[in-house]
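**Student:** This is a predicted model, with the sequence first.
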Amino acid sequence: MIRLDKYLADMGVGTRTEVKRLIRQGKVRVDGAVEKSADKKVDECRSLVKVGEKEISYVRYEYYMLNKPAGVVSATDDRRDRTVLDLIEGRKRKDLFPVGRLDKDTEGLLLITNDGGLAHRLLSPKRHVDKTYYAEVKGRVTAETVRQFAAGMDIGEGREEWTMPAKLKVVQEGEVSRVRLTLQEGKYHQVKRMFRAVGMEVLYLRREVFGTLTLDESLSLGDFRKLTEEELELLL
Ligand code: URA
């Protein structure tokens, strides 16, 4: 059960102030009867809420896959930069947030939701959720580099900070190596710090997999879509 004004504001009918006004004006009905109290408790699943003739059904959680472009920050608001939430056009809810962070210059898969429980589970260090990145790095990735990544390494630069074993695959050899790296943790700037620890620099980074989710290749940079039923079922 939630307050009527919250119900309407969550569903994008208006701001809290605007929906309170609509309620006061007698424009909102709950189960057929005009309701003039903003704090009236309604059942999100069962109550029939109408504004004028329009039925407003309640959706508790929303889940979006975003193909994050470089240049936007993984935050809910920022004074200087555009955020990943600014890209979710037509967004009505105010409680959406990105699950985890990608650096400003990193592209790729980011889950946006308002489901705090799911976010907590996906980000929990105990769960070892897979994250796969495609990277282009300056220098040659050798069998020895692959072994170092698999063994786990100290990326602490002075104060010890060890990584778990990570799977590094070379996609294309060269002066710039193209690789795929799968991690089961998400330390701050982890991919860049791992390559730095072996004397290499990440030139380009894109996340392709996050848990059971794989970046939809038909999404252009900056585009987003709702998760499909199937993706959601696997994720939950
Ligand atoms: N590792 C990084 O270094 N940056 C990211 O954005 C994600 C993982």
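**Tutor:** Received it, and whenever you're ready, just let me know what you need.
**Student:** What parts of the chain come near the ligand?
**Tutor:** Residues of the chain lying near the ligand by Cβ under 6 Å from any ligand atom: 102-103, 106, 189-192, 205. Every residue, glycine included, has its C-beta placed from N, CA and C.
**Student:** try 8 Å this time
**Tutor:** Within the chain, the positions adjacent to the ligand are 101-103, 105-106, 131, 133, 183, 186-194, 202, 205, 207 by Cβ under 8 Å from any ligand atom.
**Student:** Is Ile112 bridged to anything, and to what?
**Tutor:** With DSSP bridges applied, Ile112 shows beta-bridge pairing to Tyr64, Pro98.
**Student:** what sits against it?
**Tutor:** 63-66, 84-85, 88, 96-99, 224 (Cβ atoms under 8 Å, 6 or more residues apart in numbering).
**Student:** How about residues contacting the helix or strand where Glu18 lies?
**Tutor:** If you go by DSSP states H and E, Glu18 is part of helix 16-24. Outside helix 16-24, the residues that touch it by Cβ under 8 Å, 6+ apart are 4-6, 8-9, 13-14, 28, 35-38, 51.
**Student:** Got a quick PyMOL command for the buried subset of these?
**Tutor:** Selecting the buried subset of the contacts of helix 16-24 in PyMOL, with 16 or more other Cβ atoms under 10 Å as the burial test, is done by:
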select buried, resi 4+5+6+8+9+13+14+28+35+38+51
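**Student:** just the contacts of helix 16-24 now: which is nearest Ala70?
**Tutor:** Closest approach between the contacts of helix 16-24 and Ala70, by Cβ to Cβ: Ala9, at 33.3 Å.
**Student:** how close does Asp78 sit to the ligand?
**Tutor:** 16 Å (Cβ to the nearest ligand atom, to the nearest Å).
**Student:** what does Leu213 give?
**Tutor:** Taking Cβ to the nearest ligand atom, one finds Leu213 at 15 Å from the ligand.
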